[in-house]
Every structure is written in C-alpha cells, then in structure tokens.
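Engineer: let's see this in three dimensions:
(one chain, ligands or ions: 1)
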Amino acid sequence: DVDRERTRTGMSKTALKQGFLDNLFYIQGRFREVATPHDLYMAAAYTTRDRILERWIKSAQRYKTNQSRTVCYLSAEFLPGPHLANNLVNLGIVETATEAAHELGLDFDAIIAEEAEPGLGNGGLGRLAACFMDSLSTLQIPSIGYGIRYEFGIFDQTIEDGWQVEKSDNWLRNGNPWEIPRPKIRFPVLYGGYTEQYRDHDGRSRTRWVPAQIIDGVAYDTPILGYGVGNVNLLRLWKAEASESFDFQAFNVGDYYGAVHAKIEAETISKVLYPNDEPEAGKELRLKQQFFFVSCSIQDMIRLQFNTVGPLDSFAEKFVIQLNDTHPSLAIAELMRLLMDEHDMDWDRAWDITHRVFCYTNHTLLPEALETWSVSLFERLLPRHLEIVYEINRHFLDEVRVHFLGDEDRVRRMSLIAEDGERRVRMANLAVVGSRAVNGVAALHSELVKTTLFKDFHDFWPDRFHNVTNGVTPRRFMVVANPRLSRLISETCGSDDWIRDLDRLRDLEAHAMDSGLHERWHEVKIAAKRDLAAWLKHRTGVLLDPEAIFDVQAKRIHEYKRQHLNLLHIIRCYQRLKQSPNQDMVPRAFIFGGKAAPGYFMAKLIIKLINAVAEVINNDPQINGFIRVVFMPDFNVKNGQHLYPAANLSEQISLAGKEASGTGNMKFSMNGALTIGTLDGANVEIREEVGKENFFLFGMSAEEVSQRQREGYHPWEHYAKDAELKSDIDLINSGLFSHGDTQLFRPLTDRLVNQDPFMVLADYRAYIACQDHVAEAYRDHRHWTRMSILNVARMGKFSSDRAIREYAEHIWRTEPHPIDL
Ligand SMILES: CCc1ccc([C@H](C)CC(=O)N[C@@H]2O[C@H](CO)[C@@H](O)[C@H](O)[C@H]2O)cc1
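Structural biologist: Residues are numbered from 1 along each chain as shown. All right, here's what the predicted structure looks like:
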C-alpha cells in the first residue's frame, strides 16, 4: 500500500522520519526513550538501505534481462569506509535526512560517527578498489566486486608511550546493516590431496582432483549505489564455513574439540586480513585465503553465466575480470581447472577463454612486494593448479624460445617458475601471461613497468601494456568529507554538476582572483582546521593553532614514503628556532598519520621517533607553539576524512620511482592543499595539471635516482659534507628525543648514514630549501589562496570516474546500462 511504500522508499522528510521510527521499532525493537546511540545508527542505516534495495533489485533484473557484460573486480582488499553518509550523498538526500534527524531531536553527526569502518584493506590498493566500485555504479557499468569478508580487518592503532600498539578490529561485533547474507550462494573450496588421471565416457584422458580438505564459501552482499543514478552494483564478499559445522560422531565419543575442529579450521581462512602493505609474508594461510575467494568468485561467475546466457563459450563476452595486483592471480589457473575438469573443455578452448577474460593491474615495483610461492607449498595445497601452471609455462616458453631464438637467459627470466635456489611460482609472471591487458597506475609507473619490471614481457607483447592513472571518488573525498567546500564550489560554479563531471571544477578558475571567493575559501579552510584541531586535541592532547600551516603526511609508514625525511626537516626547523628564537618563523603544525605493518621494525621505530620529537618540541617553552608536531592515531578512511579538508600542505615525498601512484596526493589537492613532492607516481601528473608554479617540487627524478644508484650511492658523504644534516642526525643520536638513551634510534640513523636505500640524505638539502619556499609562499595569503583555488580547479583528471572510463574504453570494452531513477 502507498503509505508502506512511502515510508520504506519515500525520499521526503516525512517518509524518512516515519521510516526511521518504524525501523527503530520493528528492526531494533526499541522506542526512542530507551534507544542507544547504536540503535539510532542501525535505524538510520536500515532506513537508508531501504531506499537502495529497490534500485538494487531493479538493477539486477535489468542486467539479467540485458545479459549485460559485467566487470568483475577481484581484490583481496576493499576499504569502502563507513557507508551511511556516503549513501545519503549518492541518494541525494543529505539535507532532507539532516532536517528529519533534527526534527526527531537526533544528533546527526553522532549517528554518523557510530558506524564501524569496514577496514578490509591496508591502504592504497584497497581504497582504490572502493573508489572504483563507487565510479562503476555512478557510470552505470554493471560490475561485481569480489573479495573476502574478513572477520577482523586492519588492526586499530593506538599509541602508547610513543609506540604503535595494534588492537584487533572486531568490526562486526555490533552487526553490519549494510550486508545481506546469502546462505544459499555457497561453493565448495578444495585444498590439498592429489590428482589422478581417468578416462571419461568418450575415452578421453581427464584429470580429477581428490582434495584432502573441503571448506565452504558463503556470500555476503553489500549494495554499491552510484551517485544520482538508479544503478546499484554488488560487493560480494566470501566468508569461510565448514561444510559440516558440527561433527556429532566426535561429540558422541566426548571429543568436544574434535566436534568443532572442522568449523574452527575452516573459519580461520576468512578470519583476519594480513596487515602487510608491501613486504610479502609468504604464509600458507595467505595462499589459502587467496585461493578461497578466487575459487568462490569464479564458481559464482560460472553459475551466473549459466543462469543468464547459458553455455560457457561466451564467458569472455559476458565477463571481464580485473585482477587487483597479483593477490587474485590464482584465478587464471582456477578458471582453467573448472573449464577443463568440471566443464569438459580442452586446453586450447579453455585457454582462449581464460586469456581473453583476464586483465591485471600492477600496483608496486618494490621487489619485496612481488609475490612468489614455493613450489613445495603450492604442490601441497594446490596440486592440480601446479600442473596447470606447468602446462601454461610449457606453452608459453615454447613461444618465447621461438620469438627470442637462443636467448635462454630471457627464458629463465620470463618463466613462471623461478629455478634459482628454492623453486618458486612467480605470480606476477603468471598474471602477465594469463591476461590480455596489463596496466600500471600512473604514467611514470607504467613506463617503469615496461622498462624495468616486465621489460622482457613488453618486448614480447608491447600492445598488452597500458596505463590508467589512478583516481579517487569526489563523492566521499569532497562532498562527504568537506561539505563546506563542496557548497562553496557549487555556489561559485553555479551548479553541482562537478560532482559527477569533475572537469567542471575548471569553472572555478575564472574566479581565482576574486577576493570574495578568497575570503570564503579561507573561511572554509580555517573552519576545517579548527574542527581537526579540536578532534586532535580530544584524541592526543596536542593543541594546534589553526593559523599555522597544517603540514600533513598521512599514509602507511614505509621507508620509501620517507616519513623520516619529513622528520629531518622538523628537526631542522627546531634547531633553527633554538639557535635564533626571535626569527620571524611562519608557525607550522606537522601532522602525521599512518599504520606500520606489525612486523616492520623500522617503520615502528619511525612512529616512535615522530612521537618522541613531538614530545620534546611541543613541551619546549622556547618554541612556544611556533612548531607543533602530532601523530594522529588510527589513520583510516573514516579518520582521514577529518584530515583532507584541513591540510594546507600535502607531503608526497617518496623517492622518485617508488610510489606507483599515490591517491592521498589527489585527495589533499582536491581539498585545496598545495603539494610538496617529488616527481614520483601521480605527483608528476598532478603537477602537469595544476601548473608547475602551483606545486612545490624538489628532489631527484626517477632517472637521476637510477643514475645515482648505478654510479654507487654513498650516504655518509652527505652526512659528512652537510653540517646541518649532520647536526640534525646527531641530535637524534644525542638522546634528546629519548630521555638520554643514545641507542634507541641508532638502528634508524645508522641505516640512514650507511645504507639509506631510499636516498633520504641525497634529497635532504633540496627538501629543506623547498620547505623554505613553502614558508615564504604562505606569508602571501592572496597568492597562496589563488594557488589553492587553481589546484582544486585543475584536479578534474583525478576523479576515479575518469579512470574507470579509460578502463571501460581501452581495456574492458564495457558499456553503461542505465537504470533510471
Ligand atoms: C603481499 C603484501 C602486499 C599487500 C599489498 C600490496 C599493495 C600492492 C600495496 C599497495 O597498496 N600499493 C599502492 O597501490 C596504490 C593504488 O594503486 C598506489 O596508489 C600506491 O602508490 C601503491 O603503493 C603489496 C603487497
């Protein structure tokens, strides 16, 4: 009936209010007076979800009838961030919902803050997957995101005595209103055992895999609504369950642990996310996790193929599969297995489909992040897949030998199997050989992929290599995170079309000198800085001056990202102020955020040094607030949304050639921060777009870096000849920042002076000089504000919508399937 229809899906204030009260009563079983903040959040979430489900059903029906070509994005990590505010923006009902909440006497921000973040990822790669899902829906491209429903996501970070302490992230403890369990969408996943040959009914020799263990994967679906469209795509995450969750026989003989052993064994597979961001763990459970979601996902696609189109021949027409780095690359061997062993296809037909359906994105050049698995582990866990990998390799190397006659070195380099030392399966080589398209994530990175990492493959298949520079969704990182700036941009541009067509930000350029806009622009920034200062005061006790330059470096802690170079500048400023306290220094607040992989000692020591330097400087009366240093705990999508709007300066200072792209650089710049950075990753393209004069560039280029490394790099020479650099490092060794303990930071300073693998000392002088330029530039508010406006105006390219359009056009060849509202 109309009323029920209205309260379940109506977009009016009345309908939202009624829907909220109904959900609070019927789902939470609460009335207002006794409802907890969590009840209120759940009621708000269900009320919002109600308005998505209808579009979801409609999209699924339409895609089915249209047999639409579907993009399947396979990723071991997804960092969607909290859903509520983002879904209200994409439904276009933020204002209405805010008013409805107000009229019901609810604290809207408190309800939003109640949501637990689904931290199902480490950093850039996982967040990119989430931005891409938002853009795929907004561009109305049918797609499914496939991943793992980790029970425990990335750890929560607390800082105790300056050290990172990891707390387990039980994000599901209070339930998750955004997911719908699909107990009937369940697939068996096989492990271990052996394979055997047999003759099938037509006498053909076939292979059967006799597994040692079978566990089930169960689907949990989360709707991904596009912005201002009727399209809702699917995020399907798999949970591991025992096919038999209780063994009664064991129970009957009193073996209670035995009775639940299979259940516990199975569930460990989707229990926890590996918190490593680059170094490869090579752990058995990690391989089991990767095969788990890959096998469920491919089986699910085959089920959908049969349900919609029918025979498997057109599988590569119906689907395109994007491998988000090598973590899901087992999918290539798993599709071959299913097509041959389960669906009677011969090798060539199976390979033809497989090779045409897969595409692979590389996200890192760091050798230690390139996954390889020991043949012994692979054989024990996935005996059938090893056979298939060998067969793929045999076919492939035959082609290589023919093409590069007599070049056995190249054959050895290109082989899927590393033969030197322990034999290992090279997952990156498998991903390249099994995919029809390989891309990097920024122009410089994609060039380096072709000229270094995959040079042999590029020589062999030049047309297979592409570039698609990363992007981020302006819905979350501008409209949700920075409503003040978004409103000002819409007013100045005269519409909010920029939200779905970011190139429209260019309309701001004409107003870049307008003093009225300058004023409001400054107000928006200072308001965001006040909010962040209050937020940080509450969490860290450190009080920041909103008039100071908010200089922010927020990203995973890693030596190639060079948070320690940033620290050397801070110590330089400190020493300068100590030496001449009356100098007219521009006050600066140095804000850090980022998690270190729990096993990464040097990264954890860098966090400790940041907090140690902060403690000394923040409590030094002589500094008197001119310098403040703060480490924001638990940097994640949710907390990051407090940072981007408040930053004046975005630190993107990685060693050139190491950061594949970066995406934080885009988020800061889109919120009016100016960038100090190297010619690395997407910094190069940001500088091209915003204009050289609106970007603080320093340091060696990637070419100069490899030149220096070829010539031999001797960091201590910089230490020896640069007195300021020496005194900054010596101050760390003096024990000033460690209560007199001169040994605590030795591992860090010794590594800097003796190895310095990421050439911090080589870029130090240029960095310090560039930071001085920044301070001078900030004195001229008009000039700074103009640069800030121009930065935002010229960030259109870095929308994830543009990136997805490029994938769709150049790699996936998929069309939009509009679902009208
Ligand atoms: C096996 C452990 C592991 C886990 C994650 C990764 C990711 C590839 C690391 C990652 O997140 N890379 C980042 O990907 C972003 C999205 O493309 C880029 O913007 C960053 O530059 C890149 O470091 C490597 C190795």
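
Engineer: gap between whichever residue of the stretch 401-550 of the chain sits closest to the ligand and Phe798?
Structural biologist: Proximity of the stretch 401-550 of the chain to the ligand (C-beta to the nearest ligand atom) peaks at Val441, 4.0 Å away. To be clear about C-beta, it is placed using only N, CA and C from the backbone, and glycine gets the same treatment. According to C-beta to C-beta, to the nearest Å, Val441 stands 12 Å off from Phe798.

Engineer: what touches both of the two?
Structural biologist: Common contact partners of Val441 and Phe798 (C-beta atoms under 8 Å, 6 or more residues apart in numbering): Thr469, Asn470, Ala682.

Engineer: which SS state does the second one fall under?
Structural biologist: State at Asn470, reduced to three classes by DSSP: H, G, I helix; E, B strand; the rest coil: coil.

Engineer: list the residues that contact the closest residue to Leu821 other than its chain neighbours.
Structural biologist: Spatial nearest neighbour of Leu821, excluding adjacent residues (C-beta to C-beta, 6 or more residues apart in numbering): Gly230 at 4.7 Å. Counting by C-beta under 8 Å, 6+ apart, Gly230 touches Arg55, Lys58, Ser59, Pro818, Ile819, Asp820, Leu821.

Engineer: out of these, which are buried?
Structural biologist: Arg55, Lys58, Ser59, Ile819 (16 or more other C-beta atoms under 10 Å).

Engineer: closest to the ligand among the residues you listed?
Structural biologist: For the buried ones among the contacts of Gly230, the nearest to the ligand is Ser59 (27.0 Å; C-beta to the nearest ligand atom).

Engineer: what's the helix or strand for the closest one?
Structural biologist: helix 37-66 (DSSP states H and E).

Engineer: mean confidence for that helix?
Structural biologist: The predicted model assigns helix 37-66 a mean pLDDT of 95.

Engineer: what comes up buried for that helix?
Structural biologist: Neighbour-count burial for helix 37-66 [16+ other C-beta under 10 Å]: 38-52, 55-56, 58-60, 62-63.

Engineer: which ones among these also lie next to the ligand?
Structural biologist: Among these, no residue lies close to the ligand (C-beta under 6 Å from any ligand atom).

Engineer: ok, is the helix or strand hosting Leu304 in contact with the ligand or not?
Structural biologist: Secondary structure assignment for Leu304, by DSSP H and E: helix 284-308. No - Helix 284-308 is not in contact with the ligand by C-beta under 6 Å from any ligand atom; minimum separation 7.4 Å.

Engineer: quick one: whatever helix or strand comes next after that helix to chain centroid distance?
Structural biologist: Later in the chain than helix 284-308, the nearest helix or strand by DSSP H and E is helix 315-318. Put simply, helix 315-318 sits 28 Å off its chain's centre (C-alpha atoms, centre = their mean, to the nearest Å).

Engineer: what's next to the helix or strand just after helix 315-318, contact-wise?
Structural biologist: Using DSSP H and E, the helix or strand that follows helix 315-318 in sequence is strand 319-324. Strand 319-324 is contacted by residues 69-77, 125, 128-129, 301, 305, 329, 331, 357-361, 363, 431, 435, 807, 811-814 when judged by C-beta under 8 Å, 6+ apart.

Engineer: neighbouring strands of strand 319-324 in the sheet, and parallel or not?
Structural biologist: The pairing partners recorded for strand 319-324 under DSSP bridges are strand 70-74 (parallel), strand 358-361 (parallel).

Engineer: need the ones you listed in CSV with mean pLDDT and distance to the ligand, can you?
Structural biologist: Converted to CSV, those look like this (pLDDT from 0 to 100; distance: least, C-beta to the nearest ligand atom, whole Å):
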stretch, mean pLDDT, distance to the ligand
strand 70-74, 98, 13
strand 358-361, 98, 7
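
Engineer: next, format those as JSON lines and append mean neighbour count and distance to Trp461.
Structural biologist: Shown next, in JSON lines, are the strands paired with strand 319-324 (neighbours: other C-beta atoms under 10 Å; distance: least, C-beta to C-beta, whole Å):
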{"stretch": "strand 70-74", "mean neighbour count": "25", "distance to Trp461": "22"}
{"stretch": "strand 358-361", "mean neighbour count": "26", "distance to Trp461": "12"}
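
Engineer: tabulate those in TSV, adding columns for distance to Leu736.
Structural biologist: Conversion of the strands paired with strand 319-324 to TSV gives the following (distance: least, C-beta to C-beta, whole Å):
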stretch	distance to Leu736
strand 70-74	49
strand 358-361	45
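
Engineer: contacts only, for the nearest residue to Ser168 once chain neighbours are set aside.
Structural biologist: Spatial nearest neighbour of Ser168, chain neighbours left out: Phe152 (5.3 Å); criterion: C-beta to C-beta, 6+ apart. When contacts are counted by C-beta under 8 Å, 6+ apart, Phe152 is found next to Ser168, Asp169, Asn170, Trp171, Lys271, Val272, Leu273.

Engineer: repeat for Met670
Structural biologist: Met670 neighbours (C-beta under 8 Å, 6+ apart): Val472, Pro474, Phe477, Met478, Tyr644, Val792, Met795, Phe798.

Engineer: skip the chain neighbours and tell me the closest residue to the residue in the chain positioned nearest to the ligand.
Structural biologist: Distances between the chain and the ligand by C-beta to the nearest ligand atom are smallest at Gly124, namely 2.8 Å. Using C-beta to C-beta, 6+ apart and skipping residues adjacent in sequence, the residue nearest Gly124 is Thr663, 5.5 Å away.

Engineer: burial measure for that neighbour, as a count.
Structural biologist: Neighbour count for Thr663, taken as other C-beta atoms under 10 Å: 24.
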